[in-house]
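[1] structure of the sequence below:
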Amino acid sequence: MKPHLKTHQLNFQIPSVGFLALGDLLFVAARYLFLSAAALAILCGCKPYADDAGARPIRVADFYRPGAYWIGIAAAKGWFRESGLNIHLVYYHANDPASEKDLVEGRLDVDTFGLFDLLGYIARGADLVAILNADYSAGSEKLIAHHAIERLADLKGKKIAVSQNSYFANILEVALGRAGLNIQDVQIVDIPTEKTAEALIKGEVDAALTFEPYATQGLDAIKGHVLFDTSQAPGLSPTLMIVQRKFIEGRPNDVSAFVKVWQRTTIFIKEHPDEAFGIIAILNKKTPAEVRQFAGLYKILDVRDNVQAFSFAAGFDSLHGAVRQVNDFMIARGITDKKLDSSYFLEGSFIHSLQ
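    Sure thing, here's the model as predicted:
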């Protein structure tokens, strides 16, 4: 499957991004048009500019997702170039599995994976490595229920719509465990995630595990309750920056420089959120308010967060702890029979070098 290249129509009306100066806006527009041309050149096999360091350009997947905001911002600011990195951005629709396949098959060099998907590919033999934790869900995924169901404990014996053998099913097990329930205490109705809220609205189930914006749409329709969301379990649903192992082995200095640009950009987002969200709004045809609202559903992680994430601990605040729990879930569900060694594919050395 080929990647779905996004096209962007830049809005040059100053009122929509009033906090950006005209010069800044024109700079972002010009920079972004260049990056779009570079991405198109990658897809057609062309080379849009000479290689700075004599190495093949680094092909990076980009999405409209809070953990990937930094990529577009760093490109617009020229920070990749400034760091000596020859970067080509390839744009994908959010949640597009084509990017994961493209990384595994060598058409990309850097991509963002959810932890569940990463473990699935590794279990099937892909030699992938996580170099940083970009974000984790802080409320995007929600377990919603009819108004008569007010507590998790009330779900006993009830029908719950969830996509089986997915990370949503793993989230459901964690939520049920908070009330002393397990999967055998409820009736699971296997429905694709984007359809679970619809099943709840139609009365086919009593509760549904879904994500935004479907969760809010479902709640508004049934006047129901949120029984659990991912903000109650920080680190349960992390998004990681992934490369192939051979890329680290062949270009460790580029990986190090890439992570340093990430550090610089995440500091910028924290210290200058209006400007940062304004850039993302232009690049993705959104309003700054929409960008900020979307960011509120995730925690964008910094170096300190990553040091903790790459430490060894049992809970979800550690990627190693999260791997163990998700791997156990996958084995119990028959998704894999492999016990995975997180120390082999969670590479925290690049993060620790930033301290």
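[2] next one: Thr216 from Thr230, what distance?
    Here Thr216 is placed at a distance of 15 Å from Thr230 (CB to CB, to the nearest Å). Any C-beta I mention is one placed from the backbone N, CA and C, and that applies to glycine too.
[3] who has more neighbours, those two?
    Neighbours were tallied for Thr216 and for Thr230 using other CB atoms under 10 Å; the higher tally belongs to Thr230 (25 against 14).
[4] residue contacts, the more buried one?
    Applying CB atoms under 8 Å, 6 or more residues apart in numbering, we find Thr230 in contact with 136-142, 171, 236-237.
[5] SS state for the residue nearest the centre of the chain?
    Among the residues of the chain, the one closest to the centroid is Thr239, at 4.2 Å (CA atoms, centre = their mean). When classified by DSSP: H, G, I helix; E, B strand; the rest coil, Thr239 comes out as strand.
[6] how about the nearest residue to it, chain neighbours excluded?
    The spatially closest residue to Thr239, leaving aside those adjacent along the chain, is Gly67, at 4.5 Å (CB to CB, 6 or more residues apart in numbering).
[7] one step back: max pairwise distance over the contacts of Thr230: which two?
    Tyr136 and Lys142 (14.9 Å; CB to CB).
[8] look at these two and report which has more neighbours.
    Each of Tyr136 and Lys142 has its neighbours counted (other CB under 10 Å); Tyr136 has more, 30 against 27.
[9] quick revisit: tell me the one of the contacts of Thr230 nearest Asn284?
    Compare each of the contacts of Thr230 with Asn284 using CB to CB and the shortest gap goes to Ser140, at 16.9 Å.
[10] next, count neighbours for the closest one.
    Other residues within reach of Ser140, judged by other CB under 10 Å, total 22.
[11] same check, this time on Ala175
    Counted with other CB under 10 Å, the neighbours of Ala175 add up to 25.
[12] next: Phe316.
    Applying the criterion other CB under 10 Å, we find 21 residues in the vicinity of Phe316.
[13] quick check: it touching Ala322?
    Yes - checked against CB atoms under 8 Å, the pair Phe316 and Ala322 is within contact range at 4.9 Å.
[14] rewinding a little: thinking the residue nearest to Thr239 is in contact with Ile242, fair?
    No - taking CB under 8 Å as the definition, Gly67 is not a contact partner of Ile242, at 12.0 Å.
[15] higher neighbour count, the two?
    More neighbours sit around Ile242 than around the other of Gly67 and Ile242, counting by other CB under 10 Å; the figures are 28 against 24.
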